[in-house]
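K.L.:
I need the structure of the sequence given here:
(one chain, ligands or ions: 1)
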Amino acid sequence: MPTLSPKESGWIEVICGSMFSGKTEELIRRLRRAQIAKQEVGIFKPSIDSRYSENHIVSHNKMKLGSQLVENAGQIPKLAEFSEVVGIDEAQFFDNSLVDVCKQLAARKKRVIVAGLDKDFMGHPFGPIPALLAEAEYITKTLAICMVCGNPANYTQRLTQDTDQVIIGESDIYEARCRNCYEGLYTAPVS
Ligand code: ZN
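P.N.:
Just a heads-up that it's a prediction; the model follows:
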């Protein structure tokens, strides 16, 4: 995390990693600290992700913060007009226009904190996250714990044979895996 915070300037922070790695918890922690400091905070997530709650971002451990659902990244600048700090969760579900939106927000001296999956279930870079990593001043990579062997986990294993990139689910169809235990397209265990 920043030891030298920019003055009179915006910047971009990215929190990324696999599912179950605590990305949203870390996002909520940073946003809460900003709220405690009485900074104006705007929080957004794509409307595709209404898993837990329409109006909140919620971590797996049930921390939550009020948020606004948006159809696309282009809606964020107007909604965040008066925000000093802008939080964006599940950013992998936005298209690449999110990168320009984040640059625009940072240019308006806002602190932009983006959380999202860096890789999809096939292990490929996910949506706008790779380009955001190139643009960000600060990057935090969160690791989960491999459900098979207990090593640090950087992959999201889908436990069904669906091949769509986006299938909304939780621990019912996904688990965190390390690079050794991750198998890409799932093959059901022989019983
Ligand atoms: Zn493992």
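
K.L.:
hmm, which helix or strand of the protein has the shakiest average pLDDT?
P.N.:
strand 56-58 (a mean of 75; mean pLDDT, DSSP states H and E).

K.L.:
List the neighbouring strands of that one plus their orientation.
P.N.:
With DSSP bridges as the test, strand 56-58 is paired with strand 64-66 (antiparallel).

K.L.:
Show me what whichever helix or strand comes after the partner strand packs onto, helices and strands only.
P.N.:
On the C-terminal side of strand 64-66, the nearest following helix or strand under DSSP states H and E is strand 68-70. Judged by 3 or more Cβ pairs under 8 Å, 6 or more residues apart in numbering; DSSP states H and E, strand 68-70 is in contact with strand 41-46, helix 76-79. Heads up, the C-betas are built off the backbone N, CA and C, glycines and all.

K.L.:
Which secondary structure element is home to the residue nearest to Y138 when sequence neighbours are not counted?
P.N.:
Closest residue to Y138 apart from its sequence neighbours, by Cβ to Cβ, 6 or more residues apart in numbering: E13 at 4.3 Å. Assigning secondary structure by DSSP H and E places E13 in strand 11-17.

K.L.:
Pull that strand out as CSV, backbone CA atoms only.
P.N.:
Output in CSV follows, covering the C-alpha atoms of strand 11-17 (Å, rounded to 0.1, in the frame of the first residue of the first chain):
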residue,chain,number,x,y,z
TRP,A,11,-4.7,7.5,-8.7
ILE,A,12,-5.8,4.0,-9.4
GLU,A,13,-5.5,1.0,-7.1
VAL,A,14,-6.3,-2.6,-8.3
ILE,A,15,-7.1,-5.5,-6.0
CYS,A,16,-7.1,-8.7,-7.9
GLY,A,17,-6.8,-12.5,-7.5
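
K.L.:
which helices and strands sit right next to it?
P.N.:
When contacts are defined as 3+ Cβ pairs under 8 Å, 6+ apart, strand 11-17 packs onto helix 23-36, helix 97-107, strand 111-117, helix 129-135, strand 138-142.

K.L.:
Within its sheet, name the partner strands of it and how each one runs.
P.N.:
When DSSP bridges is applied, strand 11-17 pairs with strand 111-117 (parallel), strand 138-142 (parallel).

K.L.:
sec struct for G169, please.
P.N.:
coil (DSSP: H, G, I helix; E, B strand; the rest coil).

K.L.:
Perfect, I'm done here.
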